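> Any chance you could fold what I've pasted below:
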Amino acid sequence: MSSHSEAIDEHDVVNLRSVRDLFAHADPVPSDLTERMKFAISVQALHAEVAELIDSALLVTRGRDAADAAVEPTPTDSVTFTAASVSVMVSWGVSDTSDASGTGGPSGTDERVRVDGWVTTPGAQVEAVTADGSRSATSDANGRFVLDDLPHGPIHFLVTDPANQGDRPVITPTIQI
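Modelled structure (predicted):
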């Protein structure tokens, strides 16, 4: 018998395969599970309002100028989204919790991101959804909120108004921070 700190050996692999086969026979994954999940997600998305990115031309990553020379992208650190029921403005910068050790991360550091935002609905629940999961904050009486210690990468926001349960949530397009 091996201890918990030793690597998995061939006997473990054989036992794990037997358990997998047992469950595959006793409780198989439904063949239409993927389609049912996609349908459920689509139905849920229909109940949400999608916000529009304001002035999306500013987010063009590469282009050409009149002389047909490559134009480098202009980084932005502030974006505004609008929907019929709410507008959201977010800006981001280096988090106070970032590791300045100089390892990892997109720019040679383990910098994390702090998002400062404003929403037109005071008391709104703002959820930031990233590859690492999600974080949420409640906007104050002026509509301000802060989400700190987020990873660099793709992010979108989900805004709900707890005071108006009947209102649809608002989902923003995904951006890169």
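> Please enumerate the strands of the protein.
Along the chain, the segments classed as strands by DSSP state E run 49-50, 52-53, 63-64, 70-71, 78-82, 87-94, 113-119, 125-130, 133-138, 144-150, 154-160, 170-171, 175-176.
> Lowest average confidence across helices and strands of the protein, where is it?
strand 63-64 (a mean of 51; mean pLDDT, DSSP states H and E).
> that older thread, to residue 27, which of the strands of the chain lies closest?
Ranking the strands of the chain by proximity to residue 27 (Cβ to Cβ) places strand 133-138 first, at 28.2 Å. No exception for glycine: its C-beta is placed from N, CA and C like everyone else's.
> Tell me where the model's unsure across the protein.
1-5, 42-48, 55-75, 98-110 (pLDDT under 70).
> Select the longest helix from it.
helix 10-26 (DSSP state H).
> chain center to that helix, what's the gap?
Centroid separation for helix 10-26 versus its chain: 35 Å, with Cα atoms, centre = their mean, to the nearest Å.
> Residue 127 and residue 133: what is the separation?
Distance, residue 127 to residue 133, using Cβ to Cβ, to the nearest Å: 10 Å.
> cool, and residue 33?
23 Å.
> Residue 120 now?
Relative to residue 133, and taking Cβ to Cβ, residue 120 is found at 26 Å.
> between the two, who's got more neighbours?
residue 120 (15 against 9; other Cβ atoms under 10 Å).
> Give the closest residue to the more buried one in space, chain neighbours not counted.
residue 87 (4.8 Å; Cβ to Cβ, 6 or more residues apart in numbering).
> what residues are up against the one you found?
By Cβ atoms under 8 Å, 6 or more residues apart in numbering, the residues touching residue 87 are 51, 80-81, 119-120.
> Rebuild those as a markdown table, extending it with distance to residue 25.
Formatted as a markdown table, the contacts of residue 87 follow (distance: Cβ to Cβ, whole Å):
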| residue | distance to residue 25 |
| --- | --- |
| 51 | 47 |
| 80 | 54 |
| 81 | 49 |
| 119 | 51 |
| 120 | 55 |
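> Please, a PyMOL command that selects the buried ones among those residues?
The PyMOL command for the buried members of these (criterion: 16 or more other Cβ atoms under 10 Å) is given here:
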select buried, resi 51+80+81+119
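> of all the contacts of residue 87, which comes closest to residue 148?
Distances from residue 148 to the contacts of residue 87, taken by Cβ to Cβ, are shortest for residue 119, at 16.7 Å.
> which residues does the closest one contact?
Per Cβ under 8 Å, 6+ apart, neighbours of residue 119: 86-89, 126, 139, 143, 145, 159.
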